[in-house]
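> Sequence first, then the predicted structure, then my questions.
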Amino acid sequence: MEMTEKTFDLNVRDDGIAVMTMDVPGETINTLRAEFVPEMTELLAQIRADQRIKGLVVISGKKDSFVAGADIAMLDACDTRDKASELSAAGHQVFGELEKLEIPVVAAIHGACLGGGLELALACHKRVCTDDGKTMLGLPEVQLGLLPGSGGTQRLPRLIGIAKALDMMLTGKQIRPKQALKMGLVDDVVPQTILLQAAIELAQKGKKRPKRKATLMELALERTHFGRNILFDQALKQVERKTQGNYPAPPKIIDCVRIGADEGMAAGLATESRYFGELVMTAESAALRSIFFATTEMKKETGADGAESRPLKKAVVLGGGLMGGGIASVTISKAKLPVRVKDISEKGLSNALSYAYKLLDKGVKRRHMSAAQRDKQMALMSTTTEYIGVHDADIVVEAVFEDLKLKHQMVQDIERECTAHTVFASNTSSLPIGQIAAVASRPENVIGLHYFSPVEKMPLVEVIAHEKTSSETIATTVAFARKQGKTPIVVKDGAGFYVNRILALYMNEAAQLLLEGQSVEHLDQALVKFGFPVGPITLLDEVGIDVGAKIAPILEQELGERFRAPAAFEKLLQDERKGRKNGKGFYLYGKKKSKKKQVDSSVYKVLGITPGVASENAQLAQRCVVQMLNEAVRCLDEGIIRNARDGDIGAIFGIGFPPFLGGPFHYIDTLGAAKLVAILEGYQQQFGQRFAPCERLKTMATTGQRFFG
Ligand SMILES: C[C@H](O)CC(=O)SCCNC(=O)CCNC(=O)[C@H](O)C(C)(C)COP(=O)(O)OP(=O)(O)OC[C@H]1O[C@@H](n2cnc3c(N)ncnc32)[C@H](O)[C@@H]1OP(=O)(O)O
């Protein structure tokens, strides 16, 4: 396809400062593509030849963003290592030319300045950004299984120091303007209205920028080969602990920085483009990129074809407990909507208020917001013990005790007190939404909205439509969740919905293994090694052993015997073991915060077992994980989830299924359905029916069909 419109525009002002505006035609956001290289190279030659030009400002023509990095779709389309390496090398060439210009070059940044976008800014001599909430600087490549491939591994450490640069590149964290100024990432922070002017003035002042004062740590560790070795070794160890060796990019990032520091920039850049090419071709990066594509696609969906959300101006939350407090909190802090919390007790209300206050105050302490902003957001939250001031709510989220009768009461109260269009969303984790809606005179307004704990941290919500839920109610609920910063998946009404259903079988299998003599810490370690953020036994303590015990019989009754929890677990409840919440579970919860969690070994006696010979990590993990995979496919077959993509995102964002595997369905594609069926059948022979592969998997095993591509 021939490019007719240009991406870069050059305007030479009378004062000799040229302004280069990047504006990719027809796109909402600027990304870097290979085809821009010749255009930029030509422009740079033009700048070098023009004697009038005394300085250059690089700015974006997009309203709310600078440059969001290299075009991820372009990277995805690379089919060889060499092609991907060449992309990186071409970036090096052109950014190198920009850096070598004799005139001062200043990046003027507003909005997202990420990945290759920040690398472009790093190749400029100075940087100024706006103080706007949308302005974020970062190198998030690691989250895509990649490393910064346009010079980031070399220029960032030289600008802000090795330790800080490693931290940014290994976590992919995004830096806000104030912090960026403090760490020397930018030279100035200004209001958006004067961004261009400030950049022009910086360019007029020349190339020189005040030298950043090195911290003591830098002097001690970064300036000598010996000191750096300590730093890199520590970073490697930390990476190994965090990633369990499952992610190839972090050690390569460290290596690039090491080579750049020891052998110089040219050697560092050569290593960077070589590794970049290798990483683009890894299965881990492909899986992580698929998550990016899935989530951007999902942002555009309303949740119900053809339906639009009704306006959302006010929310009500029923119940001020842990979940209610969390839901109210993200409603004011993320959605910025007024919320009224109703509880029968003052205690519940003060709990919700303090929950939200503590979270906002943390933001003040970390200087993410001012005290005045905190107070303004808190003012969006009000409380009541009666149904006062609730009638005009557009959506009501119910987070009361898991009791069907009580939920029925709530439905009837809200139908009486609120308008005919008010959505009634239940945060139940176990009761079928259809049953909750059974007493409703407007069942079309009733829906499930299942959050995960802690609400402010967990990115997923399940939106559960029962048979009579209207499309408008679905779209309104999806829009509400998205305003709260959540990623919603729309699922069908059924016991355990999707996430808890696949989780339950995985947890049951871990429980079986425990009863067979595997130790608590060994089991947890095996699944952490596999890639889960925490092991299943820790998770059970966190969720609550009592909660698990309450859900298990419902799942068994609705879905069959494979969901039967081991009978021995009853003994835990008889021993008052509920998990972290009452300080008594599988682990010890003393007052003193010891560094490493200790298993409460008395739990073995309660269960009547003695830990025996430890099985291999991979074997333990496989037994738990294949249960989850098999059940995920059943959910797809039954229409509980709408597609494999939602199933992957639900498992990753709701449970922490290892992102580098791309979710259960991507993982099945990687394994091959035939192999999974063979594993399941092997276990079926050994351990019984609960491992019987579902029909869809068996068919896929014979046809060779895949879920994706
Ligand atoms: C060589 C280099 O080192 C390698 C790299 O740079 S790798 C890329 C690193 N950059 C990133 O990971 C940033 C990815 N992007 C984002 O995080 C977010 O899109 C954002 C924060 C920039 C904006 O978020 P938001 O405002 O919610 O908009 P969002 O819906 O995500 O994106 C808008 C559009 O831009 C596209 N987009 C954003 N960043 C993109 C990228 N890096 N590549 C391709 N497309 C991108 C989205 O796909 C979407 O396209 P569409 O409208 O056609 O579907």
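Thanks, I have the structure now.

> Could you name the helices and strands sitting against the lowest-mean-pLDDT helix or strand in the chain?
Ranked by mean pLDDT, DSSP states H and E, the weakest helix or strand in the chain is helix 216-221, scoring a mean of 79. Judged by 3 or more C-beta pairs under 8 Å, 6 or more residues apart in numbering; DSSP states H and E, the packing partners of helix 216-221 are helix 162-171, helix 225-243. No exception for glycine: its C-beta is placed from N, CA and C like everyone else's.

> how about the residues of the stretch 201-350 of the chain near the ligand?
296, 299 (C-beta under 6 Å from any ligand atom).

> Tell me where the stretch 201-350 of the chain has strands.
Shown for the stretch 201-350 of the chain, the strands assigned by DSSP state E, counting those that start in this stretch span residues 315-318, 339-342.

> For the least confident helix or strand of the chain, output the C-alpha coordinates as CSV.
Extracted in CSV, the C-alpha atoms of helix 216-221 (Å, rounded to 0.1, in the frame of the first residue of the first chain):
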residue,chain,number,x,y,z
LEU,A,216,25.6,7.6,47.1
MET,A,217,24.3,4.2,45.9
GLU,A,218,25.2,5.0,42.4
LEU,A,219,28.7,6.2,43.3
ALA,A,220,29.3,3.0,45.3
LEU,A,221,27.8,0.5,42.9
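
> Please point out which parts of that helix sit buried.
Burial within helix 216-221, assessed by neighbour count using 16 or more other C-beta atoms under 10 Å, is assigned to 218, 221.

> Likewise for stretch 104-122?
104-122.

> Around residue 103, count how many other residues there are.
As a burial measure, residue 103 scores 18 neighbours (other C-beta atoms under 10 Å).

> wait, what's in contact with it?
Contacts for residue 103 (C-beta atoms under 8 Å, 6 or more residues apart in numbering) come out as 47, 53, 54, 55, 56, 203, 207.

> next one: residue 407
With C-beta under 8 Å, 6+ apart, residue 407 has these contacts: 398, 400, 426, 428, 431, 436.

> Alpha carbons of stretch 650-664, as CSV, please.
In CSV, the C-alpha atoms belonging to stretch 650-664 read as follows (Å, rounded to 0.1, in the frame of the first residue of the first chain):
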residue,chain,number,x,y,z
GLY,A,650,-10.9,-14.4,32.8
ALA,A,651,-8.4,-17.0,34.1
ILE,A,652,-5.4,-14.6,33.8
PHE,A,653,-7.1,-11.6,35.4
GLY,A,654,-9.3,-13.4,37.9
ILE,A,655,-7.0,-16.2,39.1
GLY,A,656,-3.5,-15.2,37.9
PHE,A,657,-3.2,-18.1,35.4
PRO,A,658,0.4,-17.7,34.2
PRO,A,659,0.2,-14.8,31.6
PHE,A,660,3.2,-16.2,29.7
LEU,A,661,1.1,-19.2,28.7
GLY,A,662,-1.6,-16.8,27.4
GLY,A,663,-4.5,-18.4,29.4
PRO,A,664,-5.9,-21.9,29.5
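
> How about it and the ligand, any contact?
No - for stretch 650-664, no contact with the ligand is found by C-beta under 6 Å from any ligand atom; the gap never falls below 13.6 Å.

> avg pLDDT for that stretch?
For stretch 650-664, the mean pLDDT works out to 97.

> now do stretch 521-534
Stretch 521-534 comes out at a mean pLDDT of 96.

> same thing with stretch 492-509?
95.

> now it, how far from the chain's geometric center?
Stretch 492-509 sits 21 Å away from the centroid of its parent chain (C-alpha atoms, centre = their mean, to the nearest Å).

> The ligand versus residue 631, what's the distance?
31 Å (C-beta to the nearest ligand atom, to the nearest Å).

> just to confirm, which helix or strand has residue 98 in it?
helix 81-100 (DSSP states H and E).

> Can you mark which positions in that helix are buried?
Result for helix 81-100 [16+ other C-beta under 10 Å]: buried residues 81, 84-92, 94-95, 97-98.

> In a markdown table: the residues you listed, plus pLDDT.
A markdown table is the format used below for those (pLDDT from 0 to 100):
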| residue | pLDDT |
| --- | --- |
| 81 | 97 |
| 84 | 98 |
| 85 | 98 |
| 86 | 97 |
| 87 | 97 |
| 88 | 98 |
| 89 | 98 |
| 90 | 97 |
| 91 | 97 |
| 92 | 98 |
| 94 | 97 |
| 95 | 98 |
| 97 | 97 |
| 98 | 98 |
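
> Throw the residues you listed into a markdown table and include distance to the ligand, thanks.
As requested, these are exported to a markdown table (distance: C-beta to the nearest ligand atom, whole Å):
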| residue | distance to the ligand |
| --- | --- |
| 81 | 15 |
| 84 | 9 |
| 85 | 11 |
| 86 | 12 |
| 87 | 7 |
| 88 | 6 |
| 89 | 11 |
| 90 | 10 |
| 91 | 6 |
| 92 | 10 |
| 94 | 12 |
| 95 | 10 |
| 97 | 17 |
| 98 | 15 |
